[in-house]
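Asker: whatever this is, show me its structure:
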Amino acid sequence: MRESLGFFKNLILKNWWLKLAGLLLAYALWLMVRGSEGERVFTVPLVVQIPHNMEIVNQRPSTVEITTLGSTSLTDSQPNLNYTINLQSVGEGEQTVSLNPEGVRVSPASGLTVIRVNPARITLVLERIASKDVPVKVPIQGTPATGLDFYRLTCQPSVVRITGPRSSISRIKEAQTEPLSVAGQNHSFQATVNFSVQDDDMHMDPAAVDVNVEMGAHREVRTFRIPVTAIQGDAFTVNPPFVFVSVLVPVTFKGHLTAEDFRATASMPNSGPNSYRVIARPEVEPRADLDAGIMVKQITPEEVTLLRKARKK
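Answerer: As a prediction, this is how the structure comes out:
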């Protein structure tokens, strides 16, 4: 009997501190695995469902914070959750949406219950998507190699379709690409440039254009005084009757260029055929084909006045 008691006494008391430490460690591990009832906060994606012909045009959060109640454990990972807002049936305009726990779908097997959402509400502004065709503009940067000038640029396509929120589309007059450098270039060249899109909601079709850049010999400016003719004939007089035209001419051009090589005209705008006095922009063009590189740089003045002549009685 004494031997049995001695055996159990040694079993319990021998190295008792090691045994107690092991027991406490086992208890702590059990608590970690079992978890305890408490609150946890998760950051989850915010998903907004809108009609296919609408865009959200104001800033909005991409995530929200949800507070859950349930069994928690240090070994738990974040559950795969998101907050979903369904605006499929709304129209254009401002929508203030309350965020409540019902917007989060939680599996019953997770043992979690959503009790709060932060922020409690958000405001979304929806606009219809619109499209329109606009001309392409390619900004040029830099200076060509010595003795050469940048002549002209053509791009294909020259008109593109932009798509985006209605209010943004209405303000756009042209589609601008990223700048194209001609620095140090000593010959004509071709390139493909992408559009410079500042708004993520705007889309270009196509996304890039092919550009043909024409270079040539350095040009000098020659100015000619050219009479302006009214397209409508003798019914109008033009004031002033002459314009001064600045023409870029390559220094290598050996021909004889005079004012007679150009024609200046002014036509009646959409003011009505019976208008007595209208403002028109003169146009200047060559009377025949000219050498490459010769082009009109400036017309002064930029506008002329068409005056209807008094009818003879």
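Asker: C-alpha from now on. contacts and neighbour counts both.
Answerer: Fine.
Asker: after whichever strand in the chain runs longest, which helix or strand is next?
Answerer: Ranked by residue count and defined by DSSP state E, the top strand of the chain is strand 121-137. Counting by DSSP states H and E, the next helix or strand C-terminal to strand 121-137 is strand 140-141.
Asker: now whichever helix or strand comes after that next one against strand 121-137, angle please.
Answerer: Downstream of strand 140-141, the next assigned helix or strand under DSSP H and E is strand 148-156. Here the directions of strand 148-156 and strand 121-137 differ by 120 degrees (axes from the mean of the first three to the mean of the last three CA atoms, to 10 degrees).
Asker: and strand 148-156, what does it pack onto?
Answerer: Helices and strands touching strand 148-156, by 3 or more CA pairs under 8 Å, 6 or more residues apart in numbering; DSSP states H and E, are strand 208-217.
Asker: neighbours around the closest residue to Leu248 other than its chain neighbours, how many?
Answerer: Distances taken as CA to CA, 6 or more residues apart in numbering put Val221 closest to Leu248, at 4.8 Å, once the chain neighbours are dropped. A count of nearby residues for Val221, using other CA atoms under 10 Å, gives 16.
Asker: SS state for Val221?
Answerer: Secondary structure, DSSP: H, G, I helix; E, B strand; the rest coil: Val221 is strand.
Asker: next: Leu81.
Answerer: coil.
Asker: not counting sequence-adjacent ones, nearest residue to it?
Answerer: Distances taken as CA to CA, 6+ apart place Val44 nearest to Leu81, at 6.1 Å, with adjacent residues excluded.
Asker: am I right that that neighbour is in a strand?
Answerer: Yes: if the criterion is three-state DSSP, then Val44 is within a strand.
Asker: any regions of the stretch 101-250 of the chain where pLDDT drops low?
Answerer: Residue ranges of the stretch 101-250 of the chain with pLDDT under 70: 109-110, 233.
Asker: now stretch 84-100: how far from the chain's centre is it?
Answerer: 25 Å (CA atoms, centre = their mean, to the nearest Å).
Asker: start to end distance for that stretch?
Answerer: From its first residue to its last, stretch 84-100 covers 11 Å (CA to CA, to the nearest Å).
Asker: list the buried residues of that stretch.
Answerer: Thr84, Ile85, Leu99, Asn100 (16 or more other CA atoms under 10 Å).
Asker: ok, now stretch 235-253?
Answerer: By neighbour count on 16+ other CA under 10 Å, the buried set for stretch 235-253 is Phe236, Thr237, Val238, Phe242, Val243, Phe244, Val245, Ser246, Val247, Leu248, Val249, Pro250.
Asker: mind listing the helices for the protein?
Answerer: 2-13, 16-34, 166-171 (DSSP state H).
Asker: what's the last one in contact with?
Answerer: It refers to helix 166-171. With CA atoms under 8 Å, 6 or more residues apart in numbering as the test, helix 166-171 has contacts from Glu127, Arg128, Ile129, Ala130, Ser131, Lys132, Ile162, Thr163.
Asker: now do the same contact list for the third one.
Answerer: This means Ile129. When contacts are counted by CA under 8 Å, 6+ apart, Ile129 touches Asn53, Met54, Glu55, Thr163, Gly164, Pro165, Arg166.
Asker: repeat that for the first one.
Answerer: By CA under 8 Å, 6+ apart, the contact list for Glu127 reads Met54, Glu55, Ile56, Val57, Glu92, Gly93, Pro165, Arg166, Ser167.
Asker: just the pLDDT for the fifth one.
Answerer: Model confidence at Glu92, given as pLDDT, is 91.
Asker: hmm, it is touching Val57, no?
Answerer: No: between Glu92 and Val57 there is no contact under CA atoms under 8 Å: 10.6 Å.
Asker: shared neighbours of the two, anything?
Answerer: With CA under 8 Å, 6+ apart, Glu92 and Val57 have common neighbours Val125, Leu126, Glu127.
Asker: brilliant, that's me finished.
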